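Asks: Below is the sequence, then the predicted model.
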Number of protein chains: 2
Amino acid sequence: MTVPNAWRQLSVWLGIKHPIIQAPMAGGGITTPELVSAVSNAGGLGSIGAAYMKPEDIVQLAQQVRALTQRPFAINLFVPQPQPADVDPSPMLAVLARYHQELGLPPPKPPTWPMPSFDEQVDAIVESGARVFSFAMGIPPAAVLERLRARKVVLMGTATTVHEAKLLEQAGVEIIVAQGAEAGGHRSTFAGSFEAGLVGTLALVPQVVDAVRVPVVASGGIMDGRGVAAARVLGASGAQLGTAFLSCPESGAAPAYKAALRAAKDDSTVVTRALSGRPARGLANTLSEELKDTQALLPFPLQHAATTPLRSAAAAQGDTRFMTLWAGQAAALSRAMPAGELVRELVAESERLR
Amino acid sequence: MTVPNAWRQLSVWLGIKHPIIQAPMAGGGITTPELVSAVSNAGGLGSIGAAYMKPEDIVQLAQQVRALTQRPFAINLFVPQPQPADVDPSPMLAVLARYHQELGLPPPKPPTWPMPSFDEQVDAIVESGARVFSFAMGIPPAAVLERLRARKVVLMGTATTVHEAKLLEQAGVEIIVAQGAEAGGHRSTFAGSFEAGLVGTLALVPQVVDAVRVPVVASGGIMDGRGVAAARVLGASGAQLGTAFLSCPESGAAPAYKAALRAAKDDSTVVTRALSGRPARGLANTLSEELKDTQALLPFPLQHAATTPLRSAAAAQGDTRFMTLWAGQAAALSRAMPAGELVRELVAESERLR
């Protein structure tokens, strides 16, 4: 049994005080400059969820973060997925038309490819001054990793299995986020079936820690000092929390989203492809339930693009039936605390459990 | 945040030295008197998995345990499930016939109800001298609970959600095992969908601890001192481990089963109804994969009965394609250590992580 003492080492390496990472949450303007900077200013590592962002917006958001903090922060992208062959969106548009009508929206249009150029997003990261480049859903091309490493940007990849963790390490990735099945948002699984990649955090973290030499960050289901302390004794070098930061006043989550988190229970979430075409964990709602068994789902990210008008309008109207409500399995432990205070509480609570 | 100091209290109450519980594993003769007594003699709590056992066999096995240890032990039953309406087993028998032929077995017969009388099993527990009655898949009738409580038998029920934990507490159950999604074997879910009841241990335990006043035992994915230490900081009063004890020399698991555990990886398991008709986690094999999408599955426990001849013959032949291979998501951390030594290692390792 490995008993790593790397909890402090990761902080020293990254130049942060506590290895508490605010997870990058893409879409919906959640990772505001205020949220990211508050986490970093409290000694943790804030992250910009930039997956769907245009390069110029990444640069601008990073500037806003840098205006609010001198401390390190991270920017996260999704590794590009293979472009699917031509698909006919009309069955899905027919499904969505009903909901559009219900919300008083014009009929849905065929989706266009929603992802900006990955290479240009990477250019933006180089320009951004981010200390850490974190990514999910795969391994970026070697040239991208080398380019960032040459600029002293730390590379942090996401694994849902031991196999993926080894692939990331072999590619030269320097920190591995072990994403347990409890985690809210998109599954990062890229080298195996999504079902097999749903390994619980408590089971996954020690197996990944034993399999790689690089520091491992635990994620999935961590909401308070108990989860942070558990991550530490499981052998992780840090803890990444997404859902816990959604309820902070600095987060850009819509008010109805925050209200839904307050009402969440342990069994409120599902892993669904309905919103984006790729499995992601969120609070069950009309969209996730009624599209559960449809054959009309488009591949990621076209389903994301197809449902964007509906989800945006629903968020504006506060209608949780059709909103994005990514959440982990411990969302019920949410506290509506300012982000900096939350970081300090997480540290204090976990220290008391030593 | 609750920070219970109940880790020692549970031991004091049960008269054991360490709150390390060897999980009851029903079927296949796994919980031998040697395994149960070795765990109890080392200061943990051994458990007999008696769900499918006849009353007289329960009494006899308990006698054998008592001959090997003076320490407390537990006996576990499944709460009776509603008898399904008449079902036609012929489609399933047709599916199984192919495998029977492959293994040189006579054609499969219509299954008969495989569960002994629950009331008579409870009689056997009263007679057995067991300190703890643990159970899964529901809440026994109030009269049963009262009868056992009057005999000073401690009641330990299994919950997969906060809701189930509250129902158990309301029924007067004295210890709650929080079964995380990582756990091997049958899901205990009894008040909600099986999908929603797949909550990871790290997310489930603190939420259950916050919701009930009785001690909570963490289970699911715990294999070594790291998992035990995590259970403690998450607020649990003890840890229950099943898969970790399967590889012990005292366990009755078939040699091919132990070999399969040695070869397991973090992503080797699936939750399948194929073997028993009820979702349970085990290593994926031909039976779990080829029966994944069939409409012919019988309800629990008839599917169990229908597949018993096949699974038994396969176990005797060492053919893992058709065997029961229940295992949790951290099976890869298995160590083939004598059970008493394993208990002592778990305690020592977790103490080092304080």
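Replies: Okay, I see it.
Asks: among the helices and strands of chain A, which has the poorest mean pLDDT?
Replies: helix A:6-14 (a mean of 87; mean pLDDT, DSSP states H and E).
Asks: Buried ones in it, by neighbour count?
Replies: Of the residues in helix A:6-14, those with enough neighbours to count as buried (16 or more other Cβ atoms under 10 Å in any protein chain shown) are A:Ala6, A:Trp7, A:Leu10, A:Ser11, A:Leu14. Placement of C-beta: from N, CA and C, glycine included.
Asks: Go through those residues and name the one nearest chain B.
Replies: For these, the residue nearest chain B by Cβ to the nearest Cβ is A:Trp7; the value is 11.4 Å.
Asks: Quick one: residues contacting the residue nearest to A:Ser90 when sequence neighbours are not counted.
Replies: Of all residues not flanking A:Ser90 in the chain, A:Pro110 sits nearest, at 8.0 Å (Cβ to Cβ, 6 or more residues apart in numbering or on different chains). Residues in contact with A:Pro110 (Cβ atoms under 8 Å, 6 or more residues apart in numbering or on different chains) are A:Pro89, A:Ser90, A:Leu93, A:Ala306.
Asks: and what of A:Gly138?
Replies: With contact set as Cβ under 8 Å, 6+ apart, A:Gly138 has these partners: A:Phe78, A:Val79, A:Pro80, A:Gln81, A:Phe190.
Asks: Nearest spatial neighbour of the third one, chain-adjacent residues omitted?
Replies: What sits nearest to A:Pro80 in space, not counting adjacent residues and going by Cβ to Cβ, 6+ apart, is A:Phe118, at 4.8 Å.
Asks: number of nearby residues for A:Glu345?
Replies: A:Glu345 is flanked by 18 other residues according to other Cβ atoms under 10 Å in any protein chain shown.
Asks: list the contacts for it?
Replies: A:Asp224, A:Gly225, A:Arg335, A:Met337 are the contacts of A:Glu345 under Cβ under 8 Å, 6+ apart.
Asks: re earlier: in strands, which of the contacts of A:Gly138 fall?
Replies: Judged by DSSP state E, the subset of the contacts of A:Gly138 located in strands is A:Phe78.
Asks: Mind listing what's buried along the helix or strand containing A:Val347?
Replies: Using DSSP states H and E, A:Val347 maps to helix A:339-352. Residues of helix A:339-352 classed as buried by neighbour count (16+ other Cβ under 10 Å): A:Ala339, A:Gly340, A:Leu342, A:Val343, A:Arg344, A:Glu345, A:Leu346, A:Val347, A:Glu349, A:Ser350.
Asks: what sits against the fifth one?
Replies: It refers to A:Arg344. A:Ala42, A:Gly43.
Asks: try A:Ala332
Replies: A:Ala332 sits next to A:Ala264, A:Lys265, A:Asp266, A:Ser268, B:Val162, B:Gln207 when contact means Cβ under 8 Å, 6+ apart.
Asks: what do you get if the cut-off is 6 Å, keeping everything else the same?
Replies: When contacts are counted by Cβ atoms under 6 Å, 6 or more residues apart in numbering or on different chains, A:Ala332 touches A:Ala264, A:Lys265, A:Asp266, B:Gln207.
Asks: do the same with A:Gly221
Replies: Here A:Gly221 is in contact with A:Glu182, A:Thr201, A:Gly328, A:Gln329, A:Ala330, B:Gly200, B:Leu202, B:Ala203 (Cβ under 6 Å, 6+ apart).
Asks: mind redoing it with 7 Å?
Replies: Applying Cβ atoms under 7 Å, 6 or more residues apart in numbering or on different chains to A:Gly221 gives the contacts A:Gly180, A:Glu182, A:Thr201, A:Gly227, A:Gly328, A:Gln329, A:Ala330, B:Gly200, B:Leu202, B:Ala203.
Asks: What strand or helix carries the fourth one?
Replies: Spelled out, it's A:Gly227. helix A:225-233.
Asks: now stretch A:213-229: mean pLDDT?
Replies: What stretch A:213-229 shows for mean pLDDT is 98.
Asks: Let me know whether stretch A:275-289 sits next to chain B.
Replies: No - interface with chain B: stretch A:275-289 contributes nothing (Cβ under 7 Å from any Cβ of the partner chain), its closest point being 8.1 Å away.
Asks: So for that stretch, what gets flagged as buried?
Replies: By 16+ other Cβ under 10 Å, the buried positions in stretch A:275-289 come out as A:275-288.
Asks: From the chain's centroid, how far away is it?
Replies: 15 Å (Cα atoms, centre = their mean, to the nearest Å).
Asks: related to what we said a few turns ago, put together a markdown table for the buried residues of helix A:6-14, with distance to A:Tyr99 on each row.
Replies: Below are those laid out as a markdown table (distance: Cβ to Cβ, whole Å):
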| residue | distance to A:Tyr99 |
| --- | --- |
| A:Ala6 | 48 |
| A:Trp7 | 46 |
| A:Leu10 | 44 |
| A:Ser11 | 46 |
| A:Leu14 | 43 |
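Asks: In a markdown table: those, plus distance to chain B.
Replies: Compiled in a markdown table, the buried residues of helix A:6-14 are given as follows (distance: Cβ to the nearest Cβ, whole Å):
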| residue | distance to chain B |
| --- | --- |
| A:Ala6 | 13 |
| A:Trp7 | 11 |
| A:Leu10 | 18 |
| A:Ser11 | 19 |
| A:Leu14 | 23 |
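Asks: Which residues does the longest helix anywhere in chain A contact?
Replies: Assignment by DSSP state H gives helix A:302-317 as the longest helix of chain A. The contact list for helix A:302-317, computed with Cβ under 7 Å, 6+ apart, reads A:28, A:84, A:87, A:89, A:92-93, A:96, A:99-100, A:103, A:105, A:108, A:111-112, A:114, A:254, A:275-277, A:297-298, A:321-324.
Asks: Figure out how far that helix is from the centre of its chain.
Replies: 18 Å.
Asks: for that helix, which positions count as buried?
Replies: A:302-315.
Asks: Same question for stretch A:104-120.
Replies: Neighbour counts over stretch A:104-120 (16+ other Cβ under 10 Å) mark A:Leu105, A:Pro108, A:Pro111, A:Pro114, A:Met115, A:Pro116, A:Phe118 as buried.
Asks: Tell me how far it lies from the chain's centre.
Replies: With Cα atoms, centre = their mean, you get 20 Å for stretch A:104-120.
Asks: next helix or strand past the helix or strand encompassing A:Leu204?
Replies: Secondary structure assignment for A:Leu204, by DSSP H and E: helix A:201-211. Next in sequence after helix A:201-211, counting helices and strands by DSSP H and E, comes strand A:216-219.
Asks: Report all helices and strands that that next one contacts.
Replies: Judged by 3 or more Cβ pairs under 7 Å, 6 or more residues apart in numbering or on different chains; DSSP states H and E, strand A:216-219 is in contact with strand A:175-179, helix A:201-211, strand A:238-241.
Asks: Let's have those in CSV, adding mean neighbour count and distance to chain B.
Replies: Below are the helices and strands packed on strand A:216-219 laid out as CSV (neighbours: other Cβ atoms under 10 Å in any protein chain shown; distance: least, Cβ to the nearest Cβ, whole Å):
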stretch, mean neighbour count, distance to chain B
strand A:175-179, 29, 10
helix A:201-211, 29, 3
strand A:238-241, 30, 11
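Asks: nearest to B:Asp123, of the ones you listed?
Replies: Closest of the helices and strands packed on strand A:216-219 to B:Asp123 is helix A:201-211, at 37.6 Å (criterion: Cβ to Cβ).
Asks: contacts for that closest one?
Replies: Around helix A:201-211, the neighbours that count as contacts under Cβ under 7 Å, 6+ apart are A:2, A:4, A:159, A:162, A:165-166, A:176, A:178, A:180, A:182, A:216, A:218, A:220-221, A:231, A:234-236, B:180, B:182, B:200-202, B:221, B:224, B:226-227, B:230, B:266, B:328-330, B:332-333.
Asks: and if you look at stretch A:112-123?
Replies: For stretch A:112-123, the external contacting residues (Cβ under 7 Å, 6+ apart) are A:Ala50, A:Tyr52, A:Met53, A:Lys54, A:Pro55, A:Ile58, A:Leu77, A:Pro80, A:Val144, A:Pro301, A:His304, A:Ala305.
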